[in-house]
Every structure is written in structure tokens, then in C-alpha cells.
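A.B. asks: pasting the sequence and the predicted model now:
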Amino acid sequence: MSKILIRGAKVLGGEPQDVLIDGDTIVEVGAGLPAEGAEVVEAEGKVLLPGLVDLHTHLREPGREDSETVLTGTRAAASGGYTAVFAMANTFPVADTAGVVEQVYRLGQQHGYCDVQPIGAVTVGLEGKKLAELGAMHESAAGVTVFSDDGKCVDDAVIMRRALEYVKAFGGVVAQHAQEPRLTEGAQMNEGVVSAELGLGGWPAVAEESIIARDVLLAEHVHSRVHICHLSTAGSVEIVRWAKSRGIDVTAEVTPHHLLLTDELVRSYDPVYKVNPPLRTERDVMALREALADGTIDIVATDHAPHPHEDKDCEWAAAAMGMVGLETALSVVQQTMVDSGLLDWAGVADRMSFKPARIGRATGHGRPVSAGEPANLTLVDPAYRGTVDPTGFASRSRNTPYEGRELPGRVTHTWLRGRATLVDGKLA
Ligand SMILES: NC(=O)N[C@@H](CC(=O)O)C(=O)O
């Protein structure tokens with residue numbers, strides 16, 4: 001049956017409506033639509049959103065298939081309500097050529113759980129020395145538009161300037177991992193009271209903020225577009241706010257974990273809380289929430305960073321940085337932004353679907369829930385309450401900071417171009 005009637009869902013949190021899908025397209029949205037010939041999904045009390053889009057996912061294939069593959073990562077994405085993810089370039093080999101990005105793109109198409117849009121490296125081997133083949137990656141079948149050395153900062157100002165100038169030719173964007181390397185040598189956590197007490201190497205806010213300040217000025221200077229990955233400090237928010245008020249073409253993201261968790265958790269010495277950029281202070285968390293609400297920060301991106309247990313279940317200093325996030329992102333956003341009254345569901349659709357799709361130029365995603373649009377949709381039960389149990393994750397890795405924590409809301413259904421990838425919380 002190719003017709004699906006989603007009955008009585010609050011579309012973007014508004015009044016209950018029926019949504020009729022035929023094949024891969026939404027054909028009608030309205031009240032009391034006839035159900036004849038359609039499979040009916042009862043959605044009373046649930047919220048219908050455009051399929052979520054993640055601009056920052058680590059899928060690990062090729063090279064680290066022990067932590068994630070395109071298949072397991074896109075299954076995790078579908079579980080979390082995503083219909084498109086942008087796959088970061090820090091794979092082995094690095095996604096710095098047309099060959100590698102095409103491989104990742106094709107794997108996404110083959111598996112079919114969500115669209116995979118590869119991100120190309122800015123520099124060869126993420127080494128920060130020489131620009132990668134940006135044009136060839138853009139012209140490849142993968143059609144790369146977002147470039148990032150994420151995991152590493154493009155710290156050479158001349159290379160950054162050239163990258164910004166180069167991507168202008170085809171409307172691309174450079175996504176910067178803002179971390180001044182010299183200021184963060186040996187850094188293990190946020191620099192502050194807690195790092196001083198624990199005796200762990202501190203990661204000062206200025207290491208992030210100084211690179212953001214430099215890069216918004218560079219973008220202005222060459223009239224290009226820059227995107228800032230995972231903002232984590234109140235000062236970074238101030239700089240982005242200033243840059244936007246000046247008319248600079250900058251966008252920024254925040255991760256769910258930086259909206260909820262603080263460096264106080266590091267007192268446990270549990271490496272599950274070790275992440276780049278590090279968890280900051282309560283004051284930073286509050287500034288990030290406010291900035292996401294007022295639009296200074298454009299989007300939520302997961303920075304889903306899967307690691308196998310042997311890389312995380314070890315002493316703090318030796319542990320890998322990163323947390324999985326695809327399967328808990330919407331719940332964390334519901335708790336920190338919706339249930340707190342800072343953002344409504346239309347705002348969530350904007351920050352987790354419309355805007356990330358626009359920044360990454362993901363065609364067919366981040367579209368309104370209306371007739372004629374591709375049926376990329378996510379159905380959420382906001383009344384659900386449950387504790388996070390990583391043994392049920394679709395991701396190959398389990399490094400979640402939320403194990404055993406109660407989080408609100410649950411994605412029950414995801415449709416990718418009218419085909420269910422998640423039904424009643426189970427992968428199709
Ligand atoms: N976010 C993380 O803590 N880790 C990322 C890369 C990075 O940003 O360091 C990873 O690839 O594991």
C-alpha cells in the first residue's frame with residue numbers, strides 16, 4: 001500500500017491535522033481526510049515534524065567500522081527521527097578526495113535508512129597544510145557543499161582564507177572546528193574551577209572564541225560564508241551575535257550535550273563525559289540555550305561521535321573524546337528548550353530541520369509539511385517518559401552520557417520519501 005494517512009497529528013505542534021502521503025509525496029494536509037485505501041497511523045497527541053537533518057555526524061566508515069558504519073549510523077539516525085545526516089570527513093582514509101566522498105554517499109543510498117551527505121575535508125589528510133580537492137568533491141556524484149576538518153581546527157589563517165574564497169565559486173560553506181591548538185595542548189577538560197580542583201589540563205574558552213573571532217572577520221573580508229561547529233561558551237555566543245549584527249554571513253550550531261551537561265560531571269572521572277569541545281559551566285549552558293532560542297545559534301547538530309568501549313572504558317587521560325547523540329538528540333532538545341518554554345515545536349522544526357537543510361543545501365529535506373512536498377517526516381510522542389537504555393541503541397557504540405537518565409519524548413515514526421524507516425519505535 002503506497003498511501004499513508006497520519007491522523008490527528010499536531011503538525012509542527014499546531015492544531016491536529018491529517019496528513020496524506022501517496023508514494024513519496026505529501027498530497028494533502030487538512031482536517032478529516034478520508035482514509036479509503038490508505039494505511040492509517042493514529043497520531044493523536046503526537047507532534048509531526050519535518051524529517052530532522054543533522055549537519056554534524058561521525059559515521060566512521062571507511063576505517064573505523066568497529067565504532068560505526070554507514071549502515072549502523074543511519075539506523076541510529078532513523079531511530080532518532082533523522083532523514084538526512086552530513087557525515088564528517090575524519091575517516092580512515094580521510095574524506096578528502098572525490099573517491100572517498102562518493103563511496104560514503106553510495107553506501108548511504110544503498111542502505112536507505114536516511115540520506116547521507118558527505119562532508120569533504122578542507123585540507124589534505126586533515127593536516128591543515130594544503131587545501132584538499134574541494135572542487136572535485138563538489139563536482140563528484142556526492143555533490144559536496146560542506147567542508148570541514150572537524151576534530152581538528154583549520155588553524156592556519158591563510159589556508160582558512162583560501163578555503164573560504166574557494167567555496168564561494170559554488171556556494172559551499174566551510175564548517176570550522178574552533179580550537180586554537182597551542183592554547184589547548186594537553187587539555188583534558190574545560191579550564192575553570194573544576195579543572196583546577198581535579199588537576200586536569202584546562203581547555204580555555206578563549207581557545208574557541210579567538211578562532212571564531214578570526215574566522216568571522218575572515219569571512220567578512222572575503223565575502224564568504226562560514227559555519228561554526230559546536231559552540232560551547234557564552235563568549236562564543238557574544239562573538240557570533242556581534243558578527244550577525246554586522247551582517248557577516250555566519251551560522252552556528254550547538255550540540256544537545258552542551259545544552260544540558262556541565263563540567264561538574266567530570267568530577268566522576270567517567271570518560272563518557274570527555275568530549276571536544278569540553279562540557280562547560282552552567283553559565284555557558286544557559287547562554288547557549290538563550291542563543292538557540294533567539295536565533296543567534298542557528299541549529300542543533302548532534303556531533304554524534306561513536307567510540308568502541310575499549311576507547312572509552314579506560315582512564316580519563318587515555319580515553320577518546322566524543323559522545324553518541326543521534327538517538328537522544330530530540331529528547332534532550334525537548335527537555336532543555338521545549339519543556340523549559342524557550343522554544344515551541346515550530347522552533348524545533350526550524351533549528352533541527354529547516355535551517356540545517358538550508359545551511360547544507362540538502363535538497364528535498366527541511367521542507368514544509370504541506371501538499372506537494374517530499375514525505376520526509378518524523379512523528380514524536382512528547383508525553384512519553386523513559387530512561388535511556390543504550391543496550392537498545394541502533395548505533396554500534398554505546399558511549400552515551402545519558403545512560404539511566406530520564407528524558408522526555410520519543411520518536412515513534414520516521415518516513416524517508418514516504419517509506420517508513422521507523423515504525424512504533426522499531427526500525428523497519
Ligand atoms: N567531538 C568529539 O569529541 N570527537 C569527534 C571529533 C572532535 O570533534 O574532536 C570524533 O570524531 O570523535
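C.D. replies: Alright, I've got the coordinates. Computed from a predicted structure; not experimentally measured.

A.B. asks: make it CA atoms for all contacts and neighbour counts henceforth
C.D. replies: OK.

A.B. asks: can you list the residues of the stretch 251-400 of the chain near the ligand?
C.D. replies: Within the stretch 251-400 of the chain, the residues that sit near the ligand (CA under 6 Å from any ligand atom) are 275-276, 303, 305, 321-322.

A.B. asks: at 8 Å instead, please
C.D. replies: 274-278, 303-307, 320-323 (CA under 8 Å from any ligand atom).

A.B. asks: same list (these) but as JSON lines, adding secondary structure, neighbour count and pLDDT.
C.D. replies: Below are those laid out as JSON lines (DSSP: H, G, I helix; E, B strand; the rest coil; neighbours: other CA atoms under 10 Å; pLDDT from 0 to 100):
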{"residue": "274", "secondary structure": "coil", "neighbour count": "25", "pLDDT": "98"}
{"residue": "275", "secondary structure": "coil", "neighbour count": "19", "pLDDT": "98"}
{"residue": "276", "secondary structure": "coil", "neighbour count": "22", "pLDDT": "98"}
{"residue": "277", "secondary structure": "coil", "neighbour count": "25", "pLDDT": "98"}
{"residue": "278", "secondary structure": "coil", "neighbour count": "27", "pLDDT": "98"}
{"residue": "303", "secondary structure": "coil", "neighbour count": "28", "pLDDT": "99"}
{"residue": "304", "secondary structure": "strand", "neighbour count": "28", "pLDDT": "99"}
{"residue": "305", "secondary structure": "coil", "neighbour count": "25", "pLDDT": "98"}
{"residue": "306", "secondary structure": "coil", "neighbour count": "31", "pLDDT": "98"}
{"residue": "307", "secondary structure": "coil", "neighbour count": "26", "pLDDT": "98"}
{"residue": "320", "secondary structure": "coil", "neighbour count": "22", "pLDDT": "98"}
{"residue": "321", "secondary structure": "coil", "neighbour count": "22", "pLDDT": "98"}
{"residue": "322", "secondary structure": "coil", "neighbour count": "25", "pLDDT": "98"}
{"residue": "323", "secondary structure": "strand", "neighbour count": "26", "pLDDT": "98"}
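
A.B. asks: now do the helices in the stretch 251-400 of the chain.
C.D. replies: Using DSSP state H, counting those that start in this stretch, the helices of the stretch 251-400 of the chain run over residues 256-260, 282-294, 309-312, 329-333, 345-349, 355-360.

A.B. asks: neighbours around the nearest residue to residue 125 once chain neighbours are set aside, how many?
C.D. replies: In this structure, residue 125 finds its nearest non-sequential neighbour in residue 94, 5.7 Å apart by CA to CA, 6 or more residues apart in numbering. Using other CA atoms under 10 Å, the number of residues around residue 94 comes to 22.

A.B. asks: pLDDT below threshold where in the chain?
C.D. replies: 1 (pLDDT under 70).

A.B. asks: now the longest helix along it: buried residues?
C.D. replies: Across the chain, the longest stretch assigned as helix under DSSP state H is helix 205-221. By 16 or more other CA atoms under 10 Å, the buried positions in helix 205-221 come out as 205-213, 215-216, 218-220.

A.B. asks: adding mean neighbour count, write the helices of the stretch 251-400 of the chain out as TSV.
C.D. replies: TSV is the format used below for these (neighbours: other CA atoms under 10 Å):
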stretch	mean neighbour count
helix 256-260	24
helix 282-294	20
helix 309-312	16
helix 329-333	24
helix 345-349	21
helix 355-360	22
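
A.B. asks: just put those helices in a markdown table and tack on distance to residue 416.
C.D. replies: Below are the helices of the stretch 251-400 of the chain laid out as a markdown table (distance: least, CA to CA, whole Å):
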| stretch | distance to residue 416 |
| --- | --- |
| helix 256-260 | 23 |
| helix 282-294 | 27 |
| helix 309-312 | 31 |
| helix 329-333 | 18 |
| helix 345-349 | 16 |
| helix 355-360 | 15 |
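
A.B. asks: so the residue nearest to residue 125 sits against residue 126, correct?
C.D. replies: Yes: using CA atoms under 8 Å, residue 94 is in contact with residue 126, at 7.3 Å.
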